[in-house]
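**Student:** here are the coordinates; sequence isn't available:
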């Protein structure tokens, strides 16, 4: 007579799931990411904004002799060792968490020399408008923190928010301000 509760299929399924899970964990741990290497759009952006050359990514700032640890929003400090250029990869929250990934190049006086959005996870045709050169050019040459305002800017440090994209506009300003302030601490 056959038992009412046959556990064999359940046990086999649990074993298979356990084995698959263990293999996935092993595979994940075996993949090593080298954060000191530039690749993809970030590498292309570095070349576009800072030119050809040898690039060095600095992750452990204290070990490199800088006075502070790397702020969490700064993904990378990138040096073009050929030209001496300095850039920050900064990832900030806009409307989306970690929605805007930027590369901000600083000039030797601590001003913004160039900037671009490496990756944008903001709402299409709304938050993605921060990539428009007419908006981005407002940040060029800035060496002091800026503020996003709704409406017409009334002070030199104010930049008009993009209509419907205030959070995304603020995210770009926050990234630029962090680059300016961090550069001042490191090189000022």
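**Tutor:** Cool, got the structure. All values derive from a computational prediction rather than experimental measurement.

**Student:** state the distance from residue 18 to residue 127.
**Tutor:** 42 Å (C-beta to C-beta, to the nearest Å). Any C-beta I mention is one placed from the backbone N, CA and C, and that applies to glycine too.

**Student:** tell me where the protein has strands.
**Tutor:** Counting by DSSP state E, one finds strands in the chain at the ranges 55-58, 74-80, 86-92, 100-106, 112-120, 147-149, 158-160.

**Student:** who's more crowded, residue 18 and residue 127?
**Tutor:** Each of residue 18 and residue 127 has its neighbours counted (other C-beta atoms under 10 Å); residue 127 has more, 25 against 10.

**Student:** make sure that one is actually in contact with residue 168.
**Tutor:** Yes - look at residue 127 against residue 168 with C-beta atoms under 8 Å: they come within range, at 3.6 Å.

**Student:** list residues touching both of the two?
**Tutor:** Common contacts of residue 127 and residue 168, defined by C-beta atoms under 8 Å, 6 or more residues apart in numbering, comprise 94, 95, 99, 100.

**Student:** so which of the residues you listed wins on neighbours?
**Tutor:** The most neighbours, when the shared contacts of residue 127 and residue 168 are compared by other C-beta under 10 Å, belong to residue 100, which has 27 neighbours.

**Student:** how far is the helix or strand of the chain with the lowest mean pLDDT from where the chain is centred?
**Tutor:** Every helix and strand in the chain was compared by mean pLDDT, DSSP states H and E; the lowest is helix 8-30, with a mean of 79. With C-alpha atoms, centre = their mean, to the nearest Å as the basis, helix 8-30 stands 35 Å off its chain's centre.

**Student:** grab the most central residue of the chain for me.
**Tutor:** Nearest residue to the geometric centre of the chain (C-alpha atoms, centre = their mean): residue 91, 2.8 Å.

**Student:** now stretch 110-126: buried residues?
**Tutor:** Applying a neighbour-count criterion of 16 or more other C-beta atoms under 10 Å, the buried positions in stretch 110-126 are 110, 112, 113, 114, 115, 116, 117, 118, 120, 121, 122, 123.

**Student:** okay, now the unreliable bits of the chain?
**Tutor:** Scanning the chain for pLDDT under 70 picks out 1-7, 27-36.

**Student:** tell me which of the strands of the chain sits nearest to residue 140.
**Tutor:** strand 112-120 (5.7 Å; C-beta to C-beta).

**Student:** would you mind getting the angle between that closest one and strand 74-80?
**Tutor:** Angle, strand 112-120 to strand 74-80, by axes from the mean of the first three to the mean of the last three C-alpha atoms, to 10 degrees: 130 degrees.

**Student:** who does strand 112-120 pair up with?
**Tutor:** Paired neighbours of strand 112-120 in the sheet (DSSP bridges): strand 100-106 (antiparallel).

**Student:** before we move on, back to that, which single one of the shared contacts of residue 127 and residue 168 is nearest to residue 10?
**Tutor:** Of all these, residue 10 sits closest to residue 99, with 43.4 Å by C-beta to C-beta.
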